[in-house]
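>>> Pasting a predicted model and its sequence here:
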Amino acid sequence: MLLYKHDDDLRQEAFAVQFIRTCDRILKASGLDMKLLTFECIPVGTNRGFVEWVPGSIAL
């Protein structure tokens, strides 16, 4: 399930998700399976995009 967000620049969030995925791959290649979990974040413009809904999550 995806959540549509507007008036929010998701480009930095998408970069952070990509960075965490890269770190997870590096750790796994080193023999450390830390199980870093990520979610989908798809910017479709400078101020809107889609974010994967994570069941059981709460807003901070």
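The structure has been received and is ready for your questions. Numbering: from 1, shown residues only.
>>> What are the buried residues along stretch 24-42?
Neighbour counts over stretch 24-42 (16 or more other CB atoms under 10 Å) mark 24, 41 as buried. For glycine as for every other residue, the C-beta is placed from the backbone atoms N, C-alpha and C.
>>> cool, stretch 4-13 as well?
Within stretch 4-13, the residues scored as buried using 16+ other CB under 10 Å are 5, 10, 13.
>>> Same list, those, but as CSV with secondary structure please.
As requested, these are exported to CSV (DSSP: H, G, I helix; E, B strand; the rest coil):
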residue, secondary structure
5, strand
10, coil
13, helix
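>>> Closest one to residue 51 out of the residues you listed, please.
Minimum separation from residue 51 among those (CB to CB) is found for residue 5, which lies at 5.9 Å.
>>> For the buried residues of stretch 4-13, could you give me CSV that also reports pLDDT?
Below are those laid out as CSV (pLDDT from 0 to 100):
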residue, pLDDT
5, 95
10, 95
13, 93
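>>> ok, so of these, who is nearest residue 35?
Nearest to residue 35 among the buried residues of stretch 4-13: residue 13, at 20.6 Å, using CB to CB.
>>> quick one: contacts for the closest one?
By CB atoms under 8 Å, 6 or more residues apart in numbering, the contact list for residue 13 reads 41, 43, 51.
>>> ok, 10 Å please
By CB atoms under 10 Å, 6 or more residues apart in numbering, the residues touching residue 13 are 5, 39, 41, 43, 49, 51.
>>> out of the residues you listed, which are inside helices?
Among the contacts of residue 13, no residue falls in helices (DSSP state H).
>>> Could you find which two of the residues you listed are furthest from each other?
39 and 43 (13.5 Å).
>>> quick one: pLDDT of the residue located most distally from the centre of the chain?
Taking CA atoms, centre = their mean, the residue of the chain most remote from its mean C-alpha position is residue 31, at 23.2 Å. At residue 31, the predicted lDDT confidence score is 96.
>>> Ok, residue 57 next?
Residue 57 is given a pLDDT of 86.
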